[in-house]
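Trainee: Have a look at this fold, sequence not included:
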Ligand code: ADP
Ligand code: MG
C-alpha cells in the first residue's frame, strides 16, 4: 500500500480545562482517524449536527489549531515536523472553502486582489499574461468569466459568485485536497446544485479530493463517496456514503435518518438540531462510555463503562456501538427504530 496523501491518526482536540481548571472541558474531537489516498480522488463527507466537531476537524487539518493528541500526516510527514519546503507545499496543496466567503475578502480591494495575492505568494506565474490566463482558466472551471467579476468589489458580487470565486482561487493553486466547511449551507437550491456539481468535476477531471463538511445529509447522499458521521466529537458511524445512509447501523444515525420526513431530494434533511434535550448538558454528563447513552433506546450497562470502538458491520462500514460487538450478530442484526 502506498503512503496516503493525508492521514489523520487519533486526532483529538480538547478545549478548556487549562492550568486553572476553571473553564469547562469540551472534547471537541476525539480519536478521529482517516486515510485519504492521492488516487482516485474522493469526496469524503464529515457530517454531524452543530457542535459535533466538524469545524474543529477542518481547523486542525488546515493547521489553524494544534491537536491535543494525535497527528496529521501529509505525504507521510507530520505537519508539525515539516521543513519550510514541505510546509509551503502543504499550504498550497491543501486549500479551504468556507461557509461565508464574504469574510475572506478585503472590502477595500477589487476581487482580483485575492487571485493576485495567491499568484504572488506561491510564485505561480512568470508573467502578467500567464497570470491572467491562469485566473481566467480557474474562473471558467466554476462557470465565471474574468470580465464579469475581477474588477468588482466584494459587495458587488452575489453570495454565489463569491463562493464560486473562492473555489476558483483554491483551484488556481492546483490543490490535492480542498477542505470545504459547509460550503453550500448559505446558498439557495440551484446554486447549491451548481457548487456540488463543480466539486464532482474537480474530483473527476482534476483529481482533487474534498473533505466535505456538512450538517445536511441530503447533499452528502448526492455527492459523497465516503462518510464519517460525528456525534459530540466522536465518530458514530463511517463507511460508503450510500450504504451508511440507506442502511444506518448506529442508533444515533438511525434516529437522524429516520427523522427525515419525506424521501424527496429537494427537501433538506438532517437538520442542525434534531435533539430536543440540552445537548451540551448531556455532553458533560457522560464522562466515559458512549456519548449517546442518555438518548439511546438500546442502551446497556456496558455502554457506560468504556467508549465503544468502531465495529465492522459490513464492507467498508463501521459503527461505534456494542450492539455489533459480537461477531455472530454483526452481519444480521438489524435495528428498527420507530420514527
Ligand atoms: P461544528 O463545526 O460541528 O458545529 P465545532 O467544531 O465548531 O462544531 O465545535 C465543537 C465543540 O467545540 C462545540 O461544543 C464548541 O462549543 C466547542 N468549541 C469550538 N471551538 C472552541 C473554542 N475555541 N473554545 C472552546 N470551545 C470550542
Ligand atoms: Mg462548524
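Mentor: That came in fine, so what should we check first? Predicted model, so just to flag it, every value in this text is computed and none were measured. Numbering: from 1, shown residues only. Ligands and ions are numbered 1, 2, ... in the order given.
Trainee: residue boundaries of the strands in the protein?
Mentor: Assigned by DSSP state E, the strands in the chain fall at 6-15, 26-36, 43-47, 69-74, 77-78, 94-97, 177-181, 209-214, 226-231, 234-240, 311-314, 317-319.
Trainee: Just put these in CSV and tack on mean pLDDT, distance to residue 187 and mean neighbour count.
Mentor: For the C-beta atoms, the positions are set from N, CA and C on the backbone; glycine is no exception. Shown next, in CSV, are those (pLDDT from 0 to 100; distance: least, CB to CB, whole Å; neighbours: other CB atoms under 10 Å):
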stretch, mean pLDDT, distance to residue 187, mean neighbour count
strand 6-15, 97, 27, 19
strand 26-36, 96, 26, 20
strand 43-47, 97, 18, 26
strand 69-74, 98, 29, 18
strand 77-78, 97, 36, 14
strand 94-97, 94, 12, 23
strand 177-181, 96, 12, 24
strand 209-214, 97, 12, 26
strand 226-231, 97, 21, 25
strand 234-240, 97, 27, 25
strand 311-314, 96, 34, 18
strand 317-319, 97, 31, 23
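Trainee: Reformat those as JSON lines; add distance to ligand 1.
Mentor: Shown next, in JSON lines, are those (distance: least, CB to the nearest ligand atom, whole Å):
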{"stretch": "strand 6-15", "distance to ligand 1": "3"}
{"stretch": "strand 26-36", "distance to ligand 1": "3"}
{"stretch": "strand 43-47", "distance to ligand 1": "8"}
{"stretch": "strand 69-74", "distance to ligand 1": "15"}
{"stretch": "strand 77-78", "distance to ligand 1": "22"}
{"stretch": "strand 94-97", "distance to ligand 1": "14"}
{"stretch": "strand 177-181", "distance to ligand 1": "7"}
{"stretch": "strand 209-214", "distance to ligand 1": "7"}
{"stretch": "strand 226-231", "distance to ligand 1": "7"}
{"stretch": "strand 234-240", "distance to ligand 1": "11"}
{"stretch": "strand 311-314", "distance to ligand 1": "24"}
{"stretch": "strand 317-319", "distance to ligand 1": "20"}
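Trainee: I'd like those laid out as CSV, including distance to residue 154.
Mentor: Listed next are the strands of the chain as CSV, based on distance: least, CB to CB, whole Å:
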stretch, distance to residue 154
strand 6-15, 31
strand 26-36, 31
strand 43-47, 28
strand 69-74, 31
strand 77-78, 36
strand 94-97, 15
strand 177-181, 19
strand 209-214, 23
strand 226-231, 32
strand 234-240, 37
strand 311-314, 46
strand 317-319, 43
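Trainee: quick one, which of the ones you listed is nearest to residue 304?
Mentor: Ranking those by proximity to residue 304 (CB to CB) places strand 234-240 first, at 14.7 Å.
Trainee: re the thing from before, quick one: which of the strands of the chain is nearest ligand 2?
Mentor: Shortest distance between ligand 2 and the strands of the chain, using CB to the ion, is found for strand 177-181: 6.1 Å.
Trainee: For residue 37, grab the count of nearby residues.
Mentor: The number of residues packed near residue 37 is 15, by other CB atoms under 10 Å.
Trainee: For residue 290, see how far away residue 188 is.
Mentor: 38 Å (CB to CB, to the nearest Å).
Trainee: Quick check: residues of this structure near ligand 2?
Mentor: 54-55 (CB under 5 Å from the ion).
Trainee: Could you check which residue of the chain lies nearest ligand 2?
Mentor: residue 55 (3.2 Å).
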